[in-house]
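Colleague: predicted structure and sequence below. I'll ask about it afterward.
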Amino acid sequence: MDAIIASVKQVPLSARSAARRIDALLDAVQEVQASYFSLAIDESTDNTDVSQMCIYVRYFDGKEFREELLSLIPLEGHKTGDIIFLKLEELFRLHSLSFEKVNLIVTDGAPAMVGKHRGLHRLFRQLVAESEEAVYDDLLLHNDVRWLSKGNALARFCALLDEVKAFLKLSKIRAAADHLTLLEDEKFMSNVAFLADTFGHLNQLNLQLQGRGKTIADMVEKLESFTRKLELLESDMSTGRLLHFSTLKKQAMGQVTEIMVDFIKQLRTNFTSRFEDYSIPKDIIAFVRDPLSVRPGDFSSLVKKTIPLLDEAAFQMELIDFQTSSLVTDALR
């Protein structure tokens, strides 16, 4: 029985259940406001990178001391001691609580609780929200586990470059000036823009290879197509037209370097050598697309070259049975 109770207690509450529980706790505190209670205040960040002030209450309910989460208050912008106190004062006034009954307040000693500036990523989000030209509301974080994030993060960074520079100019952190100098370096930003475009092309290939219902023929065709696209990208870089490098053309004024051209060449060489064993004759791909389009005698010779251990005679007989089956012909019509 104890094990069952313990398991039930570990079941996470929904957002609505948590909200109801907090309201119930507020009512409970109001009922005992004749008694003294203590508060513990902590700043945390949720999964959307929004800072939340967590307020815990400890009080005596007449039988025992209880410790519960009292409220979550969103914090935006600078987290000074005055702002935090005003948020707390608003909560107390809303629920008719009295500071006179608070006998102790403890914090974790974080700078947000003593009036220091904190939360630069959230401050940047606020700056972007106030910008009329920003096309996104925030930067993205790169994570090696999420293999598409590198290209997406670079693309988002380039799209918000003006906002990033404006934020760094307003920042009082010593390292901000060094970062700003780097972002104003044309050569550095040319490389960043080039990588944003290149990873964008790689991400597109990765997405094309994902999903259910993909056959080996689909994947081979996509890989072959991308290898040929790399030839086009190399030519596009060499001529300086940059039809397929829009970020480089727009933000770096089309500044192409030898490093960029060599990178595309090496990428094409790498793809050609790495996926050489995945090459499949066109006739076999055509057979996968339309099994009724091949002649068993001619096609079996090609398959034998691809699969040396194949019993060619048995394959020919089975292929004829397959092609003349009404179930197959009706399904392919």
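Modeller: Perfect, thanks for sending it.

Colleague: CA atoms of the host helix or strand of Asp321 as CSV?
Modeller: Asp321 belongs to helix 312-324 when assigned by DSSP states H and E. Listed next in CSV are the C-alpha coordinates belonging to helix 312-324 (Å, rounded to 0.1, in the frame of the first residue of the first chain):
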residue,chain,number,x,y,z
GLU,A,312,19.5,-15.4,-60.9
ALA,A,313,17.3,-18.3,-62.2
ALA,A,314,15.0,-18.2,-59.2
PHE,A,315,14.9,-14.4,-59.3
GLN,A,316,13.7,-14.5,-62.9
MET,A,317,10.9,-16.9,-62.1
GLU,A,318,9.8,-15.0,-59.0
LEU,A,319,9.8,-11.7,-60.9
ILE,A,320,7.5,-13.1,-63.6
ASP,A,321,5.1,-14.4,-60.9
PHE,A,322,5.2,-11.0,-59.2
GLN,A,323,4.6,-9.1,-62.4
THR,A,324,1.7,-11.3,-63.5
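
Colleague: contacts only, for Asn191.
Modeller: Neighbour list for Asn191: Thr257, Ile259, Met260 [criterion: C-beta atoms under 8 Å, 6 or more residues apart in numbering]. C-beta: built from backbone N, CA, C; applies to glycine.

Colleague: try 7 Å this time
Modeller: Applying C-beta atoms under 7 Å, 6 or more residues apart in numbering to Asn191 gives no contacts.

Colleague: SS state for it?
Modeller: Here Asn191 takes the helix state, with states given by DSSP: H, G, I helix; E, B strand; the rest coil.

Colleague: now it: how far from Leu230?
Modeller: Asn191 sits at a distance of 19 Å from Leu230 (criterion: C-beta to C-beta, to the nearest Å).

Colleague: send the alpha carbons of the helix or strand harbouring Asp236 over as PDB?
Modeller: For Asp236, the element it lies in under DSSP H and E is helix 216-239. Provided in PDB are the C-alpha atoms of helix 216-239 (Å, rounded to 0.1, in the frame of the first residue of the first chain):
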ATOM      1  CA  ILE A 216      16.500   3.200 -50.000                       C
ATOM      2  CA  ALA A 217      15.800   4.500 -53.500                       C
ATOM      3  CA  ASP A 218      14.500   7.800 -52.100                       C
ATOM      4  CA  MET A 219      17.500   8.200 -49.900                       C
ATOM      5  CA  VAL A 220      20.000   7.400 -52.700                       C
ATOM      6  CA  GLU A 221      18.300   9.900 -55.100                       C
ATOM      7  CA  LYS A 222      18.400  12.600 -52.400                       C
ATOM      8  CA  LEU A 223      22.100  12.000 -51.700                       C
ATOM      9  CA  GLU A 224      22.900  12.000 -55.400                       C
ATOM     10  CA  SER A 225      20.900  15.200 -55.900                       C
ATOM     11  CA  PHE A 226      22.700  16.900 -53.100                       C
ATOM     12  CA  THR A 227      26.100  16.000 -54.500                       C
ATOM     13  CA  ARG A 228      25.200  17.600 -57.700                       C
ATOM     14  CA  LYS A 229      23.800  20.600 -55.900                       C
ATOM     15  CA  LEU A 230      27.200  21.000 -54.200                       C
ATOM     16  CA  GLU A 231      28.800  21.300 -57.700                       C
ATOM     17  CA  LEU A 232      26.300  24.100 -58.300                       C
ATOM     18  CA  LEU A 233      27.100  25.800 -55.000                       C
ATOM     19  CA  GLU A 234      30.800  25.600 -55.800                       C
ATOM     20  CA  SER A 235      30.200  27.300 -59.100                       C
ATOM     21  CA  ASP A 236      27.900  29.900 -57.500                       C
ATOM     22  CA  MET A 237      30.700  30.800 -55.000                       C
ATOM     23  CA  SER A 238      33.400  31.000 -57.700                       C
ATOM     24  CA  THR A 239      31.400  33.300 -59.900                       C
END
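
Colleague: tell me the first helix or strand C-terminal of that helix.
Modeller: For helix 216-239, the succeeding helix or strand toward the C-terminus, using DSSP H and E, is helix 246-251.

Colleague: name the helices or strands packed onto that following helix?
Modeller: Helix 246-251 sits against helix 186-208, with contacts defined as 3 or more C-beta pairs under 7 Å, 6 or more residues apart in numbering; DSSP states H and E.
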